[in-house]
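[1] Using only what follows, build the 3D model:
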Amino acid sequence: MTETNDQVQSNDIPAASDVPAAAEGQQERRGGRAENRGGDSRRGGGGRGRDNRRGQERDSEWQERVVQIRRVSKTVKGGKKMSFRAIVVVGNEKGQVGVGVGKAGDVIGAVRKGVADGKKHLVKVPLTRHRSIPTLSNGCDGAASVLIRPAAPGTGVIAGGSIRTVLELAGIKNVLAKRLGSKTPLNNARAAMQALAGLRTHKETAKERGISLEQIYS
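    So this is what the prediction gives:
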């Protein structure tokens, strides 16, 4: 079935003098109601627009980096079920970072699940004035062991693999890190997270030990 668009001739259009006054009044009233509805929709849409902008601002604070994507298989009754596993590091470069793992049938779904899992396991990292860590810290996860120590300003991030990704998204600019055990990216990322979670500022250490802050530096 085909549709045809007939062109309207200029002679078929009635003149303005041929339109009755009652019809003009109805058109004006309809136009006014349409304008009012448009104004209400604009007012309502403005509130939703502000909420959307706030949500986008909150989301823009977080950065996601994919460390590894692997295709994994699970043996089931009917054979093998293939899926993807994504390791994602999430951070705002302001002292908060998390590592998440997501599995799905497609890569995009796995990354999305990894981001959601990383935001559930955030760690607050105390940063110094020079964007470094306050003290030396060690972390272990499985066979992976990570050593992280503070560095002088201008040193940069001396680390490799997934450890570097975790430190950069945490907002650390000057640090030294060494991988001492396994080379598995997931275990190293979790070991780095454990090391960062164990950090304490000098003020918190003095409060836990019940001594003054001056005795910590002496």
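[2] all helices for the chain, in order.
    21-60, 107-120, 161-169, 185-197, 202-209, 213-217 (DSSP state H).
[3] what residue is smack in the middle of the protein?
    residue 62 (3.8 Å; CA atoms, centre = their mean).
[4] Phi, psi for it please.
    Dihedral pair for residue 62: phi -100, psi 140, per degrees, to the nearest 10.
[5] Quick one, grab the pLDDT at it.
    Looking at residue 62, its pLDDT stands at 90.
[6] Test my guess that it contacts residue 93.
    No: the criterion here is CB atoms under 8 Å, and residue 62 misses it with residue 93 at 9.3 Å. Yep, even glycine has a C-beta here, placed from its N, CA and C like the rest.
[7] residue ranges with poor pLDDT in this structure?
    1-59, 218 (pLDDT under 70).
[8] Excluding sequence neighbours, find me the nearest residue to residue 203.
    With CB to CB, 6 or more residues apart in numbering as the criterion, residue 203 has its nearest non-adjacent residue at 6.0 Å, and that residue is residue 213.
[9] and the gap between the one you found and residue 207?
    9 Å (CB to CB, to the nearest Å).
[10] Please apply the same query to residue 187.
    For residue 187, the distance to residue 207 equals 33 Å [CB to CB].
[11] Could you do residue 86 as well?
    Separation of residue 86 from residue 207 (CB to CB) stands at 40 Å.
[12] Residue 144 too?
    On the measure of CB to CB, residue 144 and residue 207 end up 31 Å apart.
[13] Neighbour count: these two, which is higher?
    Between residue 144 and residue 207, counted using other CB atoms under 10 Å, residue 144 has the larger neighbour count: 24 against 13.
[14] which residues sit in contact with the nearest residue to the more buried one once chain neighbours are set aside?
    Spatial nearest neighbour of residue 144, excluding adjacent residues (CB to CB, 6+ apart): residue 187 at 3.6 Å. Going by CB atoms under 8 Å, 6 or more residues apart in numbering, residue 187 touches 141, 142, 143, 144, 181.
[15] which residue packs closest to residue 134, ignoring adjacent ones?
    Per CB to CB, 6+ apart, closest to residue 134 is residue 201, 5.3 Å.
[16] these two touch, right, that neighbour and residue 127?
    No: counting by CB under 8 Å, residue 201 stays clear of residue 127, with 9.5 Å between them.
[17] the more surrounded of those two?
    Neighbours per residue, other CB under 10 Å: of residue 201 and residue 127, the larger number sits with residue 127, 19 against 15.
[18] so that one touches residue 167, yeah?
    No: assessed by CB under 8 Å, residue 127 is found out of contact with residue 167, at 11.1 Å.
[19] And for residue 212, the neighbour number?
    Neighbours of residue 212 (other CB under 10 Å): 11.
[20] Identify the residue nearest it in space, chain neighbours excluded?
    residue 206 (6.3 Å).
[21] Relative to residue 127, how far out is the one you found?
    As judged by CB to CB, residue 206 and residue 127 stand 18 Å apart.
[22] Ok, residue 207 next?
    As judged by CB to CB, residue 207 and residue 127 stand 19 Å apart.
[23] now swap in residue 185 and tell me
    Separation of residue 185 from residue 127 (CB to CB): 24 Å.
[24] One more: residue 161?
    Residue 161 sits 22 Å away from residue 127, going by CB to CB.
[25] The closest residue to residue 155 other than its chain neighbours: neighbour count?
    Distances taken as CB to CB, 6+ apart put residue 174 closest to residue 155, at 4.5 Å, once the chain neighbours are dropped. The number of residues packed around residue 174, counting by other CB under 10 Å, is 18.
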